[in-house]
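Peer 1: next input, structure requested:
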Amino acid sequence: MRWRIVGWLVLALGISCLAGPEVFLSPGESIQAAIDAAAAGSVIVLSSGLWQEHITITKDLVLRGTSGGESVISAAEEGLPVISIASAQTISVTLESLTVVGGAGECRDTRCPHGIWVTGSAKLTVVSCEVRGNATCGLFANGAVEVSASQTIFSENQTGVWVHGEAQVKLQDSQVWGNYYGLIVTGSGELVVRESVISQNQRDGVLVAEAGRVYLWGNEITQNGRVGVCVDLPGCYRTQRGFFGLVRGEDNAIPESGQPNANGVAPFCPRELAFLSFRLGGIFPPPDPEALLARLPLPLPPLGSPQAPIAILEFSDFSCPYCARFTLEILPQLEEEYIDTGLVKLFFFPYPVHGAEARLGAEAAFCALEQGLFWEFAEAAFQYAEEHGFPTLGQDELAEIMAEVGGDENELRRCLETARWAQAVEESIALGKELGVRGTPTFFLQGWAVPGAYPYPVFQGILNWILNQSAER
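Peer 2: Next comes the predicted model:
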């Protein structure tokens, strides 16, 4: 808790340090007139009270109310957003300590009675606000916008937060409750929710469709009216559409049984989302190794039979001690019980996280692959790093490792000097980020994730569960 408080202090100080001239308003004075007259980067401070107007922001600005949400901005007309933030250019807007209420009526053209509507290329930060009682969305994010909301409540709206287009929205330590729908993600939008409450929404707590991406970390997702977390798929929704996005998460407070409660409410749909309530977490749909490999200019070979029914995806870094522990201590056990018996195959994706030197080592893995020595090089690199206290693996060290496994060290040097596989490394990193990799090593076993070099029984338990599920089908 102390660190969270410090974080908010830093955020507040950062806003204050970057802020421009301050303009103070009382009820009866026009917020829009003040915005229009203010220089870019200004801070408009509202006293306690009620403003009934519709606001449009098209410049860098901070709009701040009094603490406790006592500065209230309410809709003056039907069919319009209470606060509109729009710009084709990148602008930075902060809304702090405001209550935004009362967008009502039917949509007017492309505008609807949202509490906050943000579109274009805006960057919006929402801190300690309450957005409630709006006829469509508390927050509707569209276009290439980036939104970060913390300590904010979205309640009693048609939809608490709707993320569409290419918008990216992050919610931290917030509440989404009492809406008809809690959170919706469509188009290719991205939503990240951490340590928040998504509860008591009449329909779904979280609904993701089309190519939307949702990341859920450590939230309480309970007591929603239909499904806690729902993917727009046949069987879960009245739809014939396919789903091309992903759901990734872990350690959420969701009922773990996978069965509807007495009121017919399901915690998640499809049932493969069960990982959301476990500490290790996972991803849906399970990553398709062939689709991932097709995006690399030089496909990576599996360890084990290509026909093995179960694939493990490993995102790893030669400069990572925990990655070495997996390769040198845990992998031999997996090979004996699952890989050598034809049940499992393992794919290694370089995911350098320790600076430029780590990227050079990742490039060297692709150079070794050219010489047909990928797995030999990977094991030797980890062995070398552990024996030498995880030093910087420069070109000389990598050439020495290449020679140890019988490769051509001069060819490796030429490969590294020309950065032949630098783009392959970037694409491997991009794949990991899309899957929600946050550190190394990270493993994906079908839809289950293992974020770290956990003891062998953890891998064993998940693999046996997958095999048992397959046998029951």
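Peer 1: going forward, measure contacts between C-alpha atoms and count neighbours the same way
Peer 2: Noted.
Peer 1: got the contact list for the helix or strand harbouring Pro457?
Peer 2: In the assignment (DSSP states H and E), Pro457 maps to helix 456-472. With Cα atoms under 8 Å, 6 or more residues apart in numbering as the test, helix 456-472 has contacts from 330, 333-334, 445, 448.
Peer 1: give the buried residues for stretch 336-348.
Peer 2: Judged by neighbour count using 16 or more other Cα atoms under 10 Å, the buried positions of stretch 336-348 are 338-340, 342-348.
Peer 1: give me the distance between that stretch and the centre of its chain.
Peer 2: 30 Å (Cα atoms, centre = their mean, to the nearest Å).
Peer 1: distance of Phe243 from Thr110?
Peer 2: 26 Å (Cα to Cα, to the nearest Å).
Peer 1: who's more crowded, the two?
Peer 2: For the pair Phe243 and Thr110, the greater number of neighbours falls to Phe243 (16 against 6), based on other Cα atoms under 10 Å.
Peer 1: mind listing the helices for the stretch 351-473 of the chain?
Peer 2: Taking DSSP state H, counting those that start in this stretch as the test, the helices found in the stretch 351-473 of the chain are 356-370, 374-387, 395-404, 409-417, 422-434, 456-472.
Peer 1: and the fourth one, what does it pack against?
Peer 2: It refers to helix 409-417. helix 356-370, helix 395-404 (3 or more Cα pairs under 8 Å, 6 or more residues apart in numbering; DSSP states H and E).
Peer 1: pick the most deeply packed of those.
Peer 2: Of the helices and strands packed on helix 409-417, the one with the most neighbours on average (mean count of other Cα atoms under 10 Å) is helix 356-370, at a mean of 23.
Peer 1: leaving out sequence neighbours, find the closest residue to Glu53.
Peer 2: Counting by Cα to Cα, 6 or more residues apart in numbering, Glu53 lies nearest to Ala76, which is 4.8 Å off, once chain neighbours are set aside.
Peer 1: contacting residues for the one you found?
Peer 2: 52-54.
Peer 1: according to the record, where do the domains of this structure fall?
Peer 2: 19-284, 289-472 (automatic domain parsing).
Peer 1: before we move on, back to that, could you export the helix holding Pro457 as CSV, CA atoms only?
Peer 2: Provided in CSV are the C-alpha atoms of helix 456-472 (Å, rounded to 0.1, in the frame of the first residue of the first chain):
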residue,chain,number,x,y,z
TYR,A,456,9.4,-29.4,-12.5
PRO,A,457,6.1,-30.6,-10.8
VAL,A,458,4.4,-27.4,-12.0
PHE,A,459,5.1,-28.2,-15.6
GLN,A,460,4.3,-31.9,-15.0
GLY,A,461,0.9,-31.1,-13.4
ILE,A,462,-0.2,-28.8,-16.3
LEU,A,463,1.0,-31.3,-18.9
ASN,A,464,-0.8,-34.2,-17.3
TRP,A,465,-4.0,-32.1,-17.0
ILE,A,466,-3.8,-31.3,-20.7
LEU,A,467,-3.2,-34.9,-21.6
ASN,A,468,-6.2,-36.0,-19.4
GLN,A,469,-8.5,-33.4,-21.0
SER,A,470,-7.5,-34.6,-24.5
ALA,A,471,-8.1,-38.2,-23.5
GLU,A,472,-11.6,-37.4,-22.3
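Peer 1: got the contact list for Ile153?
Peer 2: 128-132, 174-177.
Peer 1: circling back to that earlier point, okay, the domains of the chain in a markdown table with mean pLDDT next?
Peer 2: Formatted as a markdown table, those follow (pLDDT from 0 to 100):
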| stretch | mean pLDDT |
| --- | --- |
| domain 19-284 | 92 |
| domain 289-472 | 94 |
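Peer 1: doesn't Asp36 belong to a helix?
Peer 2: Yes - if the criterion is DSSP: H, G, I helix; E, B strand; the rest coil, then Asp36 is within a helix.
Peer 1: run a quick neighbour tally on it.
Peer 2: 13.
Peer 1: any idea how far it lies from Thr159?
Peer 2: 30 Å.
Peer 1: could you measure Ala324 against Cys112, distance?
Peer 2: Ala324 is 54 Å from Cys112, by Cα to Cα.
Peer 1: to clarify, my last question referred to Arg414.
Peer 2: From Arg414 over to Cys112 (counting by Cα to Cα), the distance is 59 Å.
Peer 1: who has more neighbours, those two?
Peer 2: Per other Cα under 10 Å, whichever of Arg414 and Cys112 has more neighbours is Cys112, with 24 against 12.
Peer 1: so the more buried one makes contact with Val82?
Peer 2: No - Cys112 is beyond contact range of Val82, at 9.4 Å (criterion: Cα atoms under 8 Å).
Peer 1: Gly245: what's it in contact with?
Peer 2: Applying Cα under 8 Å, 6+ apart, the residues near Gly245 are 188, 209-213.
Peer 1: quick one, phi psi at Thr90?
Peer 2: phi -70, psi 120 (degrees, to the nearest 10).
Peer 1: quick one, what contacts it?
Peer 2: 121-123.
Peer 1: who wins for most neighbours among the residues you listed?
Peer 2: Ala122 (28 neighbours).
Peer 1: wait, doesn't it sit right on Leu61?
Peer 2: No - in this structure, Ala122 is not within contact of Leu61 by Cα under 8 Å, at 11.2 Å.
Peer 1: any shared contact partners between those two?
Peer 2: Between them, Ala122 and Leu61 share the contacting residues 92-93, judged by Cα under 8 Å, 6+ apart.
Peer 1: circling back to that earlier point, what about the residue nearest to Glu53, which SS state?
Peer 2: coil.
Peer 1: measure it to Ser155 for me?
Peer 2: Going from Ala76 to Ser155 by Cα to Cα gives 20 Å.
Peer 1: same check on Ile330?
Peer 2: 48 Å.
Peer 1: those two: who's more crowded?
Peer 2: Neighbours were tallied for Ile330 and for Ser155 using other Cα under 10 Å; the higher tally belongs to Ser155 (28 against 17).
Peer 1: related to what we said a few turns ago, would you list the contacts of Ile153 in CSV and tack on secondary structure, neighbour count and distance to Val458?
Peer 2: What follows is the contacts of Ile153, written out as CSV (DSSP: H, G, I helix; E, B strand; the rest coil; neighbours: other Cα atoms under 10 Å; distance: Cα to Cα, whole Å):
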residue, secondary structure, neighbour count, distance to Val458
Ser128, coil, 20, 40
Cys129, coil, 27, 42
Glu130, strand, 25, 42
Val131, strand, 28, 43
Arg132, strand, 28, 44
Ser174, coil, 23, 33
Gln175, strand, 23, 33
Val176, strand, 30, 34
Trp177, strand, 28, 36
